[in-house]
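[1] Need coordinates for the below:
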Amino acid sequence: MKSNLFFYILKKINNYEKLNTYLDVFKVQHCPITGNPLHRLPKWQQSKFQILQFYIINGLLNDEQKEHIWDLFNKAQKIYLGFVKFVFLYKFKKASVFEMNKDLFYNSLDKFPENQKITILHQNKKYIFRLTDLMQCWKKQLTNSEDLFPSVQDLKNPYTNISFDISTLYNIYFKIFFSSFQIPFLIQEFFYLNFNKFHFLIKFSVILKNIAIINYVDSGATAHELSEDITKMFDEYYEGERVLDFFITEKKTKEIIKTVKKYLQLYYLIEYSRNAKIIRISKKVLKVEINIFIKRHISFFKLFFMNKKVFFKIENGKTFKNIVNKIILY
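    The predicted structure follows:
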């Protein structure tokens, strides 16, 4: 429909008798990449820009004809975009506002300045979001994983669970860009790749894999699987006598997993990461810290795990979170 409108405008503004001949070229020439006629090409190759590239700029026209086509194309594009903008403004003005004046954490949106909020037209309704909420949702979708494997997802409207289109993604990105917020690294790189999930997954497969490994402890594995891996981890990296029968019989498995979760994340990085440097650093950190942990609590394991006021902290003041974040560059 949009393509038909563009070519309708193109014909209306044209005074050159041979334009229809040029347009007929589209129907008889073959794509230099696939060799297929235009009507058999996939949709992404039937756009006006692909047609212009394949059949006009790289076609058999002389310089004068190409220059004329360029001029017509630019004029038609300007008029077409004017119509598009007019239609959008009309729809935006007529659309009703979604009745939710709170952010995703139920804070009133009135508390925040306008440069920290964005109004999005989606499915013929206007939604107001905090930019920080959308940034967190977007980051979560880009780092989504299934078990130990990355699975990049579309950014969706939190209220309808319907994906935003690419134009909305650009609007969100530039709203963040011109705000006082710093654009998260992965969102910035996603923008550089024109929001192409396939290319993004390929380029950042190693980083996304490491994030999937980190997330696996919290959401991917069952308590039984984690408890077995805890036993394996201590058997492999604790240098003293075996003292881990307690882990097998302890009923409060979830509390144990929570206590040693950060160790387990490093253990999974060692086992499944594709980055040799990450594996080397993780081994070094885990081997030292696991032995300190066991020696410190060997005489009162049970008391340690049942005391909710005790919080584990890594030696030399650095938290595991900082180490893991530094390792995966996330």
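
[2] Output the below-cut-off pLDDT ranges for the chain.
    Scanning the chain for pLDDT under 70 picks out 1-3, 14-47, 50-51, 54-61, 240-252, 297-330.

[3] Pull up the pairing partners for the strand or helix carrying residue 128, direction included.
    Of the helices and strands defined by DSSP states H and E, residue 128 is found in strand 125-130. The strands beside strand 125-130 in its sheet (DSSP bridges) come out as strand 96-97 (parallel), strand 117-122 (antiparallel).

[4] could I get these as TSV with mean neighbour count?
    (Each C-beta comes from the backbone N, C-alpha and C, glycine too.) Putting these into TSV (neighbours: other CB atoms under 10 Å) gives the following:
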stretch	mean neighbour count
strand 96-97	10
strand 117-122	18
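
[5] Export the ones you listed to JSON lines and append columns for distance to residue 203.
    Converted to JSON lines, the strands paired with strand 125-130 look like this (distance: least, CB to CB, whole Å):
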{"stretch": "strand 96-97", "distance to residue 203": "38"}
{"stretch": "strand 117-122", "distance to residue 203": "27"}
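
[6] between the ones you listed, which one is nearest to residue 285?
    For those, the distance to residue 285 is smallest for strand 117-122, at 40.4 Å, taking CB to CB.

[7] Span of stretch 178-194 from start to end?
    18 Å (CA to CA, to the nearest Å).

[8] Would you mark the buried spots in that stretch?
    By 16 or more other CB atoms under 10 Å, the buried positions in stretch 178-194 come out as 179, 184, 186, 187, 190, 191.

[9] now stretch 127-139
    Buried residues in stretch 127-139 (16+ other CB under 10 Å): 127, 129, 130, 131, 132, 133, 134, 135, 137, 138, 139.

[10] contacting residues around that stretch?
    97-98, 100-101, 103-105, 109, 112, 116-120, 155-159, 172, 175-176, 179, 181, 184, 186-187 (CB atoms under 8 Å, 6 or more residues apart in numbering).

[11] how about the helices of the stretch 101-250 of the chain, start to end?
    Ranges of helices within the stretch 101-250 of the chain are 131-142, 166-177, 185-192, 197-203, 205-215, 223-237, 245-249, based on DSSP state H, counting those that start in this stretch.

[12] Also compute the angle for the fifth one relative to helix 131-142, please.
    The directions of helix 205-215 and helix 131-142 differ by 100 degrees, with axes from the mean of the first three to the mean of the last three CA atoms, to 10 degrees as the criterion.
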